[in-house]
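In: The following block contains a protein sequence and its predicted model.
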Amino acid sequence: MMIGAKSFLGLPIASPKGIISDSNSLSTNSRSVGVLRACVSMEGSQTMSHSKNGSLPELKSVNGHTGQKQGPLSTVGNSTNIKWHECPVEKVDRQRLLDQKGCVIWVTGLSGSGKSTLACALNQKLYQKGKLCYILDGDNVRHGLNRDLSFKAEDRAENIRRVGEVAKLFADAGIICIASLISPYRRDRDACRTLLPEGDFVEVFMNVPLEVCEARDPKGLYKLARAGKIKGFTGIDDPYEPPLNCEISLGEEGTGTSPIEMAETVVAYLEHKGYLKA
Ligand SMILES: Nc1ncnc2c1ncn2[C@@H]1O[C@H](COP(=O)(O)OS(=O)(=O)O)[C@@H](OP(=O)(O)O)[C@H]1O
Ligand SMILES: Nc1ncnc2c1ncn2[C@@H]1O[C@H](COP(=O)(O)OP(=O)(O)O)[C@@H](O)[C@H]1O
């Protein structure tokens, strides 16, 4: 097992290069320091305050530019002559409205490891706390946006890239976006991580052995894969690369065994890192 799992606030988690055990260890952990810095800079750059009558927050930064495209023309990929469009209502303003910070909870693991179940339990827990979440589930996204993609390696990579970009937009909207996909390749997950500010990408590994996933087999897919009726099935005849530096590894001792306990572990992490307030 590549990840050490320890505890913070009495709950075990894995840290990028070892262990986060309590707030004292934050100063020695680069990613955690990054989170703290991000939080400080968010505080420092607030552009909203609540209006005197206590209703909607007021924008401080309105400067009359309400649709101007500024800056030079760019070329990005195959898109030529494009310009970035700024708006005075920014991420920090949306976060103040929602009283939370946008981020991406990236849930990775084998088919049957409990990704969708965790995503749903986590969404419910956060909803009960008045926090806005949205789930991007691999199975669901493949019904629409990614219906053109197969399960060969390059299509899985494109699947992850698109979901990573969409998740980034949700985080920019101030929403806690839960992306639950097998996402079997480290390189693809790491590429999504780099799309987001330090700390805003929380990788959650469903550390459930293949034998357990196969015994669950709720859709009968492992049986079909073993019978050779599905080719390139993750864990059977296609690879899964477990994370080396995830923030949370569920399935470790102390992270809980039920979906609700696992969701509580993730909520405690988000609370500890300051994502459940603006
Ligand atoms: N060959 C193969 N390998 C793995 N999974 C397969 C395959 N074919 C179909 N399925 C079903 O597709 C679901 C996984 O989709 P994802 O988008 O999460 O996969 S990936 O991230 O692109 O690898 C996965 O859902 P989960 O069981 O929820 O993980 C399966 O239902
Ligand atoms: N923590 C858990 N403990 C026991 N069974 C679970 C747990 N989480 C999910 N399951 C069960 O495992 C099966 C697969 O869960 P699912 O969330 O669909 O996995 P995935 O999305 O990774 O394919 C389902 O039958 C689900 O009820």
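Out: That came through, no problem. Ligands and ions are numbered 1, 2, ... in the order given.

In: From here on, just use CA atoms for contacts and neighbour counts.
Out: OK.

In: Where do the strands of the stretch 1-150 of the chain begin and end?
Out: 5-8, 11-14, 48-50, 57-59, 74-76, 79-82, 103-108, 133-137 (DSSP state E, counting those that start in this stretch).

In: Comparing those, which yields the minimum mean pLDDT?
Out: Comparing mean pLDDT across these, the weakest is strand 5-8, with a mean of 39.

In: ranges for the helices of this structure?
Out: 30-44, 91-98, 115-128, 138-141, 153-172, 186-193, 210-216, 221-226, 259-272 (DSSP state H).

In: so Val104 touches Val202, yeah?
Out: Yes. Counting by C-alpha atoms under 8 Å, Val202 is a contact partner of Val104 at 6.1 Å.

In: Looking at those two, which one has more neighbours?
Out: Val104 (28 against 20; other C-alpha atoms under 10 Å).

In: How about the more buried one: which residues does it bridge to?
Out: For Val104, the beta-bridge partners are Cys177, Phe201 (DSSP bridges).

In: which residues touch it?
Out: 167-168, 171, 176-179, 200-202 (C-alpha atoms under 8 Å, 6 or more residues apart in numbering).

In: Against Arg142, how distant is it?
Out: Distance of Val104 to Arg142, computed by C-alpha to C-alpha, to the nearest Å: 19 Å.

In: Also Ile236?
Out: 21 Å.

In: Likewise for Asp238?
Out: 19 Å.

In: same thing with Cys246?
Out: In terms of C-alpha to C-alpha, Cys246 sits 25 Å off from Arg142.

In: Mind checking which of the two has more residues around it?
Out: Cys246 (22 against 14).

In: Please name the residues that touch the closest residue to the more buried one other than its chain neighbours.
Out: Nearest residue to Cys246, sequence neighbours excluded (C-alpha to C-alpha, 6 or more residues apart in numbering): Glu203, at 5.0 Å. Shown in contact with Glu203 (C-alpha under 8 Å, 6+ apart): 105-108, 246-248.

In: ok, which residues in this protein are in contact with ligand 1?
Out: 111-112, 138-139, 151, 156, 159, 181-184, 232-234 (C-alpha under 6 Å from any ligand atom).

In: Redo the residues you listed as TSV? Include neighbour count, distance to Leu276 and pLDDT.
Out: Converted to TSV, these look like this (neighbours: other C-alpha atoms under 10 Å; distance: C-alpha to C-alpha, whole Å; pLDDT from 0 to 100):
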residue	neighbour count	distance to Leu276	pLDDT
Ser111	24	29	98
Gly112	23	29	98
Gly138	19	25	98
Asp139	14	28	97
Phe151	14	35	98
Arg156	20	31	98
Asn159	24	29	99
Leu181	24	23	99
Ile182	24	26	99
Ser183	25	26	99
Pro184	23	29	99
Gly232	15	39	98
Phe233	21	37	98
Thr234	19	34	99
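
In: State the number of residues packed around the nearest residue to Lys91 once chain neighbours are set aside.
Out: In this structure, Lys91 finds its nearest non-sequential neighbour in Asp172, 5.6 Å apart by C-alpha to C-alpha, 6+ apart. When counting by other C-alpha under 10 Å, one arrives at 21 neighbours for Asp172.

In: How much space separates Asp172 from Asp200?
Out: Distance from Asp172 to Asp200, by C-alpha to C-alpha: 10 Å.

In: Would you point out the most distant pair within the residues of the chain next to ligand 1?
Out: Gly112 and Asn159 (18.9 Å; C-alpha to C-alpha).

In: can you list the weak-confidence ranges in the stretch 1-150 of the chain?
Out: 1-57, 59-70 (pLDDT under 70).
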